[in-house]
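> Everything below, folded, please.
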Amino acid sequence: MPLDGPSHPIEGDAAPDLVHPVIGYRQWRLRDGELRSVYTGDRWGAEPMAAVCRAAVPHAEPPPASGCSCGFYARYTPVPRTASAATSDLVAGAIALWGRLELHAHGMRAEQAVLVALALPLLPGPKRRRVRRAAEALGVPAVPARRLKATAQLRGAPIPRAMRPPDLAPNKRAAPGTPDPARLHAVGDRARHRREP
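Now for the predicted structure:
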């Protein structure tokens, strides 16, 4: 899940210490009873994991390195409940993150992570049964999506809003150009005529 906006590493004297793990949200693919990263295909297990950089050109700093894509990706907010609904294999859930963090406008990358909960699909059926079995095998709760946040926060805390970088490009789709002034006046004239008796 690519994260937009400038990155801000949280380290050094200028940054506050986060003494507890932080909570993030993401999706996986459920394949043969295993959780796999959506983009890299890496298997997620029950044990805590440390990020490894696989860049062709190694860097000296540990993951997540600025200017590299290494680290565990997570969003600040849960994945929308319907984002996985129409798929047979996408599963949403929560993770706890710690170590080096790099914060972005909508999410973060972390040095270490562990799975803390999976969200059950909205509708009963085979996918819900597969998610329950996977959660049981991993030793994590499978909860309704509306309870994912509360369940996850038993294992960590969210990144405070004040620490999140601003979204410098909130409207990702640029307008096709300057609006035509004649069209703007015509819209204004129609609205004015509707109000007049």
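> And the lowest mean pLDDT element among the helices and strands of this structure?
Every helix and strand of the chain was ranked by mean pLDDT, DSSP states H and E. The lowest is strand 8-10, at a mean of 42.
> Quick one: distance of the following helix or strand past it to the chain centre.
Using DSSP states H and E, the helix or strand that follows strand 8-10 towards the C-terminus is strand 22-31. Remark: strand 22-31 is offset 8 Å from the chain centroid, using C-alpha atoms, centre = their mean, to the nearest Å.
> Now the most centrally placed residue in the chain: closest residue in space, sequence neighbours ignored.
Residue closest to the average C-alpha location in the chain (C-alpha atoms, centre = their mean): R75, at 2.1 Å. Excluding its sequence neighbours, the residue lying closest to R75 (C-beta to C-beta, 6 or more residues apart in numbering) is G107, at 4.2 Å. Placement of C-beta: from N, CA and C, glycine included.
> Pretty sure that neighbour sits against Y73.
Yes - the pair G107 / Y73 is scored as a contact, 6.5 Å apart, by C-beta atoms under 8 Å.
> Compare neighbour counts for these two and give me the winner.
Neighbour tally, G107 and Y73, criterion other C-beta atoms under 10 Å: the higher count belongs to Y73, 25 against 22.
> where does this structure have low pLDDT?
Counting by pLDDT under 70, the chain shows low-confidence ranges at 1-18, 170-197.
> now the strands for it?
Secondary structure of the chain (DSSP state E): strands located at 8-10, 22-31, 34-37, 43-44, 49-50, 72-75, 90-103, 107-120, 142-144.
> Can you report how many residues lie near the residue lying closest to A74 once chain neighbours are set aside?
Nearest-residue entry for A74: G24, 2.4 Å, with adjacent residues in sequence omitted and distances by C-beta to C-beta, 6+ apart. For G24, the neighbour count with other C-beta under 10 Å is 28.
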